[in-house]
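Engineer: quick check, what structure comes out for this input:
(2 chains)
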2 protein chains.
Amino acid sequence: MNILIKNVLLNGSATDIFIENGTIREISPQCSRGADKVIDGSGKAALTSLINGHTHAAMTLFRGFADDMPLKSWLEDKIWVLEKKLTPDDVYWGARLACLEMIKNGITVFNDMYWHWEATARAVRDMNIRGFISAVFIDMFDNAEGREQIARNRDLYARSREYAPHVTFTFGPHAIYTVSRESLEWMRDFSAENDILIHMHLSETENESVFSRKTYGTSPTAFLDSLGILSGRFIGCHGCMLDENDAAILGSRGARLVHVPVSNLKLAAEKIFPHRLVQEAGIPYCFGTDGCASNNHLDILETMKFASLLAKFSSSDPTMLPARQTFEMGTRTAADIFRLGRWSIEEGSSPDIMLIDLDRPEFVPNFELYSDMVYATNGSAVDTVICRGEVVMEGRIVPGEEEIMARAGEIARDLVKR
Amino acid sequence: MNILIKNVLLNGSATDIFIENGTIREISPQCSRGADKVIDGSGKAALTSLINGHTHAAMTLFRGFADDMPLKSWLEDKIWVLEKKLTPDDVYWGARLACLEMIKNGITVFNDMYWHWEATARAVRDMNIRGFISAVFIDMFDNAEGREQIARNRDLYARSREYAPHVTFTFGPHAIYTVSRESLEWMRDFSAENDILIHMHLSETENESVFSRKTYGTSPTAFLDSLGILSGRFIGCHGCMLDENDAAILGSRGARLVHVPVSNLKLAAEKIFPHRLVQEAGIPYCFGTDGCASNNHLDILETMKFASLLAKFSSSDPTMLPARQTFEMGTRTAADIFRLGRWSIEEGSSPDIMLIDLDRPEFVPNFELYSDMVYATNGSAVDTVICRGEVVMEGRIVPGEEEIMARAGEIARDLVKR
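Structural biologist: Here you go, the predicted model:
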């Protein structure tokens, strides 16, 4: 599959971009190669697509079902009650809705943790984007449950090849207060042997810190380090409560983090992600939306605005997380974390690409594209999305979108009545 | 002018709405009246339009020109340098761009403070929406300058009738550190005699508090109260630094506030608006975007999401500013503050109206419309806007939008080179 994008703005100049099987072969003012698909890029800017570092895709089904509640009763009385009823078919349609929403917002890669792994994997494949998919691993310190989860994860890992190249299997140990030491040690070893990423909630709340101190006598990060599970394969999400010592540990182990600002505000986290500590420790980090029960929108541009502005406020420094750096963290740094190669629009690289419609008031006067992307617009400005060398959205139309919205809506409304 | 909206969702039921010269005459399942204009509301929800409580409209021209800077050098080295060069024609096109952007985001009423009053007033009239427009009043404690500003404001007030009903003249004393006591006293009296709203920055920064303590020996609010300027006509914007005593004073005087969260975060305000204090004092408040140099997007739905989520975080209470309350503050409460009458879709009332396109992934499953409006979507979901009984946007098209974007863009690019 070859794609030729004509006359698109790239770094401020009108350019042609020729893409062959997902790899950029030519960037020039006038490309004369023939292509299977020609896209008119006039009035649009080309940028690498966005990466969602932390979500629970199928939770789109719960959007707006239980807002404005304290975390504990929200989780125990509402979310967990519904989750017990979920079938693989529910998760499949919920995840397709999430993929649709992400494509509409320029996201082609997401990092997921949820129930019914294979349903999400099928959804990602059918939507033709990229998912790093983990099965939620919770054993509640029960040995038998731990063994069952381990067997299930071995099995899913083996079967995950069927979903390549769209899907990459990852481990999803939920958190230190829901997963036993033995299970974490098993994931540590299996992850090292098979080079598997580990996706875990880390230092999200004060309750988690209290549990860790009581149970392990130390912080969640120091406990995980004592198990030897921290490495460049470890991706910790949230990190609100991290202190200087935690940051030093994570930095020295090469671990990575995902900042999830919208969810942290909505659920009234005790603290905000400590950008300065994390940056000083040299920890690469990107951004995540979280699931739709705690955000409720899978729009990484919106998340970037929250992240950048909150960083300025919480650091008392309006120069923190400037627009261009913020955009690059959500694209290039995220691609490093997920090992996607050079995520830049240049000859020889193979990033996913989005075209931004500049014909909107918020792009006037367009002094600085990155500022406009982070501060002035949102995902609705994304016009066209190319993933792995194929067009998945053009002119904001995603094939099959009406069916996805109808089916997911029916399922969600049925679910709350079951 | 009569408008009939057919088959639109209102409070969850498909309904017809008949509007005669801006007043809703009939709401029924099937209205058989003839109308000058019939709108197909299928798949859309009808809501009252949004109100922007604080902005500097023509600053759209500076969008993206100077981000990520400390407030003082941002203002002194960048913004004020450009503002000195502004002509009325610049402000006219900058304000038209702002009106266009606000219409696209469902805003039909805004509260403005800027230079070249008449240029903004013309823009509002030509865009056929509603503006509460003040001329920035700054005398820097210079008597001669104060007298000149007073004369200018008298003159503008007299001429403001030419711009009715689109434009309402208001006073715009910039802040307690830029306006003399004598000028404030004059505005107090003229405002009382002529029933004019007063739009002022209040308790935005620690610097302002320090100035007030040094100069007046008390807080900005207590100083203003000592002048007798606080009343139901007084609208204080920002309010980040307000304390319990300030809130009690404002509450007892019937004053109103506007919360401006995005700008406060971007410029790294020392504190966040004290929702609980303000609510306990019974002070009505709504939301503002601020100007495009410090936001950079005139989208009140985005601002509502920031406001609601920040309120939860800063109060350590996820039940603060729930979705429906937040939406009502940005519509009904705001309409009370600006004396627009009953801002609700019922027979006999005359609100501006927006139609929301529900055929988007973020409105699936649409369990709760207000939650989806505040947490899941943004201004791009607004399909149609009706202001004072006339259609100003339909199917996201605003007549003349291409010219506005082109002219404003040219002016902004020229301005930075002058």
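
Engineer: surely A:Ala248 and A:Gly282 touch.
Structural biologist: No - under the criterion of CB atoms under 8 Å, A:Ala248 is not in contact with A:Gly282, lying 9.9 Å apart. In short, each C-beta sits where N, CA and C put it, glycine included.

Engineer: neighbour count for those two, which is higher?
Structural biologist: Each of A:Ala248 and A:Gly282 has its neighbours counted (other CB atoms under 10 Å in any protein chain shown); A:Ala248 has more, 16 against 12.

Engineer: which non-adjacent residue is nearest that one?
Structural biologist: A:Ala281 (5.7 Å; CB to CB, 6 or more residues apart in numbering or on different chains).

Engineer: before we move on, what about A:Gly379?
Structural biologist: Closest to A:Gly379 by CB to CB, 6+ apart is A:Asn105, at 2.8 Å.

Engineer: can you pull the pLDDT of the one you found?
Structural biologist: pLDDT, A:Asn105: 98.

Engineer: residue contacts, it?
Structural biologist: Going by CB atoms under 8 Å, 6 or more residues apart in numbering or on different chains, A:Asn105 touches A:50, A:298-301, A:378-380, A:382.

Engineer: same list (the residues you listed) but as CSV, adding pLDDT and neighbour count.
Structural biologist: Listed next are the contacts of A:Asn105 as CSV, based on pLDDT from 0 to 100; neighbours: other CB atoms under 10 Å in any protein chain shown:
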residue, pLDDT, neighbour count
A:Leu50, 98, 29
A:Leu298, 98, 33
A:Asp299, 98, 27
A:Ile300, 98, 30
A:Leu301, 98, 26
A:Asn378, 98, 26
A:Gly379, 98, 24
A:Ser380, 98, 23
A:Val382, 98, 25
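
Engineer: among the residues you listed, which are in strands?
Structural biologist: By the criterion of DSSP state E, membership of the contacts of A:Asn105 in strands covers A:50, A:382.

Engineer: can you redo the contacts of A:Asn105 as a markdown table with distance to B:Leu4?
Structural biologist: Formatted as a markdown table, the contacts of A:Asn105 follow (distance: CB to CB, whole Å):
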| residue | distance to B:Leu4 |
| --- | --- |
| A:Leu50 | 42 |
| A:Leu298 | 36 |
| A:Asp299 | 35 |
| A:Ile300 | 40 |
| A:Leu301 | 37 |
| A:Asn378 | 32 |
| A:Gly379 | 34 |
| A:Ser380 | 29 |
| A:Val382 | 35 |
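
Engineer: among the contacts of A:Asn105, which ones are in helices?
Structural biologist: Counting by DSSP state H, these place A:300-301 in helices.

Engineer: of the contacts of A:Asn105, closest to chain B?
Structural biologist: Closest to chain B out of those is A:Ser380 (3.5 Å), distances taken as CB to the nearest CB.

Engineer: and that closest one, what does it touch?
Structural biologist: Shown in contact with A:Ser380 (CB under 8 Å, 6+ apart): A:104-105, B:378, B:380.

Engineer: 10 Å instead?
Structural biologist: Contacts for A:Ser380 were tallied using CB atoms under 10 Å, 6 or more residues apart in numbering or on different chains; they are A:104-106, A:299, A:301-302, A:357, A:360, A:362, A:396, B:360, B:362, B:377-381.

Engineer: ok, it to A:Asn105 distance?
Structural biologist: 8 Å (CB to CB, to the nearest Å).

Engineer: do the same with A:Ala307
Structural biologist: With CB to CB as the criterion, A:Ala307 and A:Asn105 are 15 Å apart.

Engineer: so is the helix or strand where A:Ala406 lies next to chain B?
Structural biologist: Using DSSP states H and E, A:Ala406 sits in helix A:401-415. Yes - Helix A:401-415 lies within reach of chain B by CB under 10 Å from any CB of the partner chain, at A:401-402, A:404-415.

Engineer: show the buried residues in those residues.
Structural biologist: The neighbour-count criterion (16 or more other CB atoms under 10 Å in any protein chain shown) marks A:401, A:404-405, A:407-409, A:411-412, A:415 among these as buried.

Engineer: of those, just say which sits nearest to chain B.
Structural biologist: A:Ala412 (3.5 Å).

Engineer: isn't the closest one up against A:Gly64?
Structural biologist: Yes - applying CB atoms under 10 Å as the test, A:Ala412 and A:Gly64 come out as touching, 9.4 Å apart.

Engineer: which neighbours do the two share?
Structural biologist: In contact with both A:Ala412 and A:Gly64: B:364-367, using CB under 10 Å, 6+ apart.
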